[in-house]
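> sequence below, structure please.
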Amino acid sequence: MTATIAFLGTGSMNGSIAAGLLAAGHDPAHIRATVRSEESRAALAQRLGDKVEIITTGGEADGNHKATAHADVVLLGVKPYGIVELARDIAPALAPNAVVVSVAAGVTLDTLAECLPAGQPIVRCMPNTPSSVGKGVLAISTTDTVKDEQKKLVEEVLGTVGLVVEVREDQMDAVTAVSGSGPAYAFLLAEAMAAAGEKLGLDHDTALKLASATVAGAGFLLDTNPDAPALRRAVTSPNGTTERALNTFVDGGLFQLTEDAMRACAARSAEMSQLYTADED
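Numbers count the residues shown, from 1 in each chain. Presented below is the predicted three-dimensional model:
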C-alpha cells in the first residue's frame with residue numbers, strides 16, 4: 001500500500017491507527033499527522049518516528065490544508081464537537097477522490113456530506129479502545145460515493161488495528177452499544193469481580209490481579225473461538241460451582257439488565273447525532 005494517509009488530530013484513536021499502519025510496514029513518508037502543540041508533536045514523533053511528517057496546527061494556519069493536500073485517505077480524529085468545523089476547513093484542500101474517514105462518535109454521514117464538497121467519498125467509523133493494542137473492532141458505514149477500491153483501501157488502513165465490519169448507518173447506534181462502549185462493560189465486570197473477591201477475604205491487589213487476568217484470558221479465548229455459549233458450556237459442570245454462579249447471574253436478571261444498559265447507550269448515541277449537525281452554529 002503506497003497511499004498517502006493524513007491524520008487530522010492525532011489523539012488516542014488516530015494515533016493508534018497511525019502506529020498500526022507503521023507496524024504493518026506502511027512507508028512513513030506517506031503518512032502525515034497534525035497536532036495542536038509542539039509538546040504533542042514531540043510526543044507523537046517519539047511514538048511514530050521522525051520520518052512521519054507531523055504538522056503543528058497551532059503554529060501553521062494552513063496546517064490541516066497542508067496535511068490534506070493530495071492525500072488518498074483523510075482521517076478526522078478530533079472531538080465530535082470539532083468535526084463540523086474541521087470538515088468545513090479542509091473542504092477546499094481535498095482531492096476529489098480523497099476518502100474522508102471520521103472516527104468521531106455521533107457525527108452522521110449526512111452531516112459530514114453537508115460540510116464537504118459534493119460527491120466526496122465519506123466513511124463513518126465507530127472504533128473502540130482495544131484498537132490501541134491491535135485488538136479493536138471498527139464498524140464502518142459509507143456514502144454511495146465510495147468506490148469499491150476506496151472502501152478496500154480504508155479497510156486495509158483500519159484493519160491494521162483490528163476487525164473491520166461494515167454495517168448500515170442506521171445500525172451505528174446498536175454498534176456503539178455493543179462494541180463501541182462494550183470494553184467498558186468488561187472493565188466494569190472485572191471491577192465488580194475484584195470487589196466481590198475482597199469481600200470474600202482476598203486482599204485488594206490479589207483480587208484485582210485475579211479478576212483482571214481472568215477477564216483478559218476469557219477475552220483471548222473468545223478471540224480464538226467467538227462462540228460464547230459453547231465456551232460457557234465447556235467450563236460449566238452440572239451442579240458445579242460455575243453453574244451455581246451463572247444461575248445466580250441469570251436469576252438476578254443479567255440479560256435484561258444488559259439489554260437495558262445497551263438500549264440506554266444506543267439512545268444516547270442517537271441523541272448525540274442530533275447534537276453534532278452541520279447547522280449547529
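> and the longest strand along the chain, what does it pack against?
As assigned by DSSP state E, the longest strand anywhere in the chain is strand 136-142. Judged by 3 or more CB pairs under 8 Å, 6 or more residues apart in numbering; DSSP states H and E, strand 136-142 is in contact with strand 122-126, helix 148-158, strand 162-166, helix 172-175. Just so you know, the C-beta spots here come from the backbone N, C-alpha and C atoms, and that holds for glycine as well.
> pretty sure G49 contacts A23?
No. Counting by CB atoms under 8 Å, G49 sits too far from A23 to count as a contact (11.2 Å).
> burial of T241, as a residue count?
Neighbouring residues of T241 were enumerated by other CB atoms under 10 Å; the total is 9.
> meant to ask about P92, not that
10.
> now swap in V123 and tell me
Other residues near V123 number 25, with proximity taken as other CB under 10 Å.
> quick one, strands of the stretch 1-150 of the chain?
5-8, 31-35, 53-56, 73-76, 99-102, 122-126, 136-142 (DSSP state E, counting those that start in this stretch).
> and the contacts of the first one?
Outside strand 5-8, the residues within contact range by CB atoms under 8 Å, 6 or more residues apart in numbering are 14-15, 17-18, 21, 26, 30-34, 64, 67-68, 71-78, 86, 90, 157.
> got a pLDDT number for M1?
At M1, the model reports a pLDDT of 64.
> brain fart, L138
Looking at L138, its pLDDT reads 97.
> check contacts around it.
Contacts of L138 (CB under 8 Å, 6+ apart): C125, M126, P127, N128, S131, L158, G159, V161, G162, L163, V164, V165.
> then V154?
Contacts for V154 (CB under 8 Å, 6+ apart) come out as V73, V99, V101, V123, I140, V146.
> not counting its neighbours along the chain, what's nearest it?
In this structure, V154 finds its nearest non-sequential neighbour in V123, 5.3 Å apart by CB to CB, 6 or more residues apart in numbering.
> mind listing what the one you found touches?
By CB under 8 Å, 6+ apart, the contact set of V123 is V99, V100, V101, S102, I140, S141, T142, T143, V146, K151, V154.
> output those residues as CSV; include the columns distance to A261.
Below are these laid out as CSV (distance: CB to CB, whole Å):
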residue, distance to A261
V99, 34
V100, 32
V101, 29
S102, 26
I140, 25
S141, 24
T142, 29
T143, 31
V146, 33
K151, 32
V154, 31
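> these, buried ones only, as a PyMOL selection?
The buried residues among those can be selected in PyMOL (16 or more other CB atoms under 10 Å) with this line:
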select buried, resi 99+100+101+102+140+141+142+143+146+151+154
